[in-house]
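Q: what's the 3D shape of this:
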Amino acid sequence: QVQLVESGGGSVQAGGSLRLSCTASGYSYSRHCMAWFRQAPGKKREGVAYFSALGTIRYSNSVKGRFTISRDNTKNTVSLEMTSLKPEDTAMYYCAADERHCTKSPSDFAYWGQGTQVTVSS
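A: Numbering: from 1, shown residues only. Predicted structure coming up:
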């Protein structure tokens, strides 16, 4: 049974930092793209950061330079270090995995976590 479990969300003031973590189980983790998506109320789910199985890393323009994705294939974890947080970063953040795709399209990802809330106040 595939499971992705996120942790590390919370509330922070603008300019602050948070670190999200996602622990995966039930599938061949190292062969999958791992990604972070987010969804704010009333908005579409959007891709934030991606770490392919081959080691390619990409970020959305809105977080480039502020967020850092990392993965540890020995521990089946993927993390998202978020710095210089802005109120517009407020959203539910989701960890996602897929073996065949590593794109910004949520529909391309087979596995999802339950999400962790990040709230940034001004």
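
Q: Low-confidence stretches in the protein?
A: Across the chain, not a single residue meets the criterion (pLDDT under 70).

Q: Contact partners for A40?
A: For A40, the contact set (C-beta atoms under 8 Å, 6 or more residues apart in numbering) comprises 90-92. C-beta here means a position set from N, CA and C on the backbone, and glycine is covered the same way.

Q: who wins for most neighbours among these?
A: A91 (21 neighbours; other C-beta atoms under 10 Å).

Q: does that residue really touch R38, like I thought?
A: Yes - A91 lies in contact with R38 (C-beta atoms under 8 Å); the separation is 3.8 Å.

Q: what's the overlap in contacts for the two?
A: V118.

Q: Report how many residues lie close to V63.
A: Count around V63 with other C-beta under 10 Å applied: 23.

Q: In space, what's closest to it - neighbours in sequence excluded?
A: V48 (5.5 Å; C-beta to C-beta, 6 or more residues apart in numbering).

Q: now S25
A: Excluding the flanking residues, the one nearest S25 by C-beta to C-beta, 6+ apart is Q3, at 4.9 Å.

Q: Any chance you could list what contacts the helix or strand harbouring V5?
A: Here V5, judged by DSSP states H and E, is contained in strand 3-7. With contact meaning C-beta under 8 Å, 6+ apart, strand 3-7 is reached by 20-26, 93-97, 111-116.

Q: Could you do stretch 53-68 as well?
A: 30-33, 46-51, 69, 80-85, 88-89, 99, 102, 104.

Q: Now, of these, which are buried?
A: 32-33, 47-51, 69, 80-82, 85, 89, 102 (16 or more other C-beta atoms under 10 Å).

Q: In a markdown table: these, plus distance to S60 and secondary structure.
A: Compiled in a markdown table, the buried ones among the contacts of stretch 53-68 are given as follows (distance: C-beta to C-beta, whole Å; DSSP: H, G, I helix; E, B strand; the rest coil):
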| residue | distance to S60 | secondary structure |
| --- | --- | --- |
| H32 | 20 | coil |
| C33 | 15 | strand |
| G47 | 6 | strand |
| V48 | 5 | strand |
| A49 | 7 | strand |
| Y50 | 9 | strand |
| F51 | 13 | strand |
| I69 | 11 | strand |
| L80 | 12 | strand |
| E81 | 15 | strand |
| M82 | 12 | strand |
| L85 | 15 | coil |
| D89 | 11 | helix |
| C102 | 14 | coil |
